[in-house]
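Trainee: Give the three-dimensional model of this entry:
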Amino acid sequence: MPGRRTTRSHAAATRRPGRPTPPAKAARSPATRPAPRHYLSLPHAANVPLPFLEALHRGIDQTVAEQAIMCVYGEAGTGKTFGLDTVLATRAVPARPTRLGRLLPRPTPTPAALRSHLAGALNLNNVRPEDPGAFDTALRRVLAARDHLLVVDEAQRLDAACFEYLRYLFDDPQTRLSIVLAAGERGLAVLRRQKMLASRTAVWLKAPALTPGEVRWAIPLFHPLWQHSDPAALQQLDMRLCHGNFRRWAAATHHALRLLRHTPCGLAGRRVLQDVLDACLLPHQDNR
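Mentor: Residues are numbered from 1 along each chain as shown. Below you'll find the model as predicted:
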């Protein structure tokens, strides 16, 4: 996003004369944050080093370094939120500390509701969002004091007025704000309709479903239950139920573990495979 970065870099270089720029420091080790939780709190599930996670890590680093906007999108269950949780929990603390704000807006929020969400996300306990003028002044002052990364999940819930409010904060030459917007596959159309995003977004990143080839090596890494399973059985379960979707694989693993507590045969057996399908699929969804 060369145009906006040039403008913001020039503003950063010219504002507040006499205040020295802090010297650059080496990145520190990751801060201690809670480990991301797998779907259904699946025990013994592991983080799989997929290319998407590496791309997400690079994208967030770029977004923070450039004080830009990043959009992450993909079908439900492909790991957008889990990937963000993982990267934010493990990335090294930048040389200039960045305050993280997480935002999950309610459906169809108004700008007033968005102010309330931001007050909670950024711990603005002393300012009442009900007074828009005073709140906006205080919020811009907070955003100008240090670097901030605002992560908005389910961003497709925001309407045009809310996006304009984010633009108002983002375009202020004094604020030091980076934004990550996460949306579902259908929500991508909502994001693309926002003109303020078209010229301000530095990174568009899709969270893809696993390919059949990735399923063969990623799912045995995902959970020990599948480490010695018949690859053909994994392929059949993916083709008929999971479709490369990690959330569906977590659900299938959850049901398989439950069934195995009452089933003497191994996972390679067709009975367990069919029982997992019966537990997870509606009748009209079976793609045999």
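Trainee: what's the helix or strand containing Leu149 in contact with?
Mentor: In this assignment (DSSP states H and E), Leu149 forms part of strand 147-152. With contacts defined as C-beta atoms under 8 Å, 6 or more residues apart in numbering, strand 147-152 is touched by 60, 63-64, 67, 84, 88, 94, 96-105, 118, 121-122, 142, 158, 175-182. No exception for glycine: its C-beta is placed from N, CA and C like everyone else's.
Trainee: Let's see which of these end up in strands.
Mentor: Secondary structure assignment by DSSP state E places Thr98, Arg99, Leu100, Gly101, Arg102, Leu103, Leu177, Ser178, Ile179, Val180, Leu181, Ala182 of the contacts of strand 147-152 in strands.
Trainee: Distance of the last one relative to Tyr168?
Mentor: Using C-beta to C-beta, to the nearest Å, one obtains 21 Å as the distance from Ala182 to Tyr168.
Trainee: Just want to know which of the two has more residues nearby.
Mentor: The neighbour comparison of Ala182 against Tyr168 (other C-beta atoms under 10 Å) goes to Ala182, with 24 against 14.
Trainee: what about that one, distance to Leu273?
Mentor: 33 Å.
Trainee: quick one, strands of the chain?
Mentor: 69-74, 98-103, 147-152, 177-184, 201-206.
Trainee: Can I get these in CSV including mean pLDDT and distance to Arg247?
Mentor: Formatted as CSV, the strands of the chain follow (pLDDT from 0 to 100; distance: least, C-beta to C-beta, whole Å):
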stretch, mean pLDDT, distance to Arg247
strand 69-74, 96, 11
strand 98-103, 93, 20
strand 147-152, 96, 19
strand 177-184, 96, 12
strand 201-206, 96, 16
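Trainee: Just put those strands in CSV and tack on distance to Leu191.
Mentor: Output for these, formatted as CSV (distance: least, C-beta to C-beta, whole Å):
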stretch, distance to Leu191
strand 69-74, 5
strand 98-103, 15
strand 147-152, 11
strand 177-184, 6
strand 201-206, 8
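Trainee: so which of the ones you listed comes closest to Met239?
Mentor: Minimum separation from Met239 across those (C-beta to C-beta) falls at strand 69-74, 20.0 Å.
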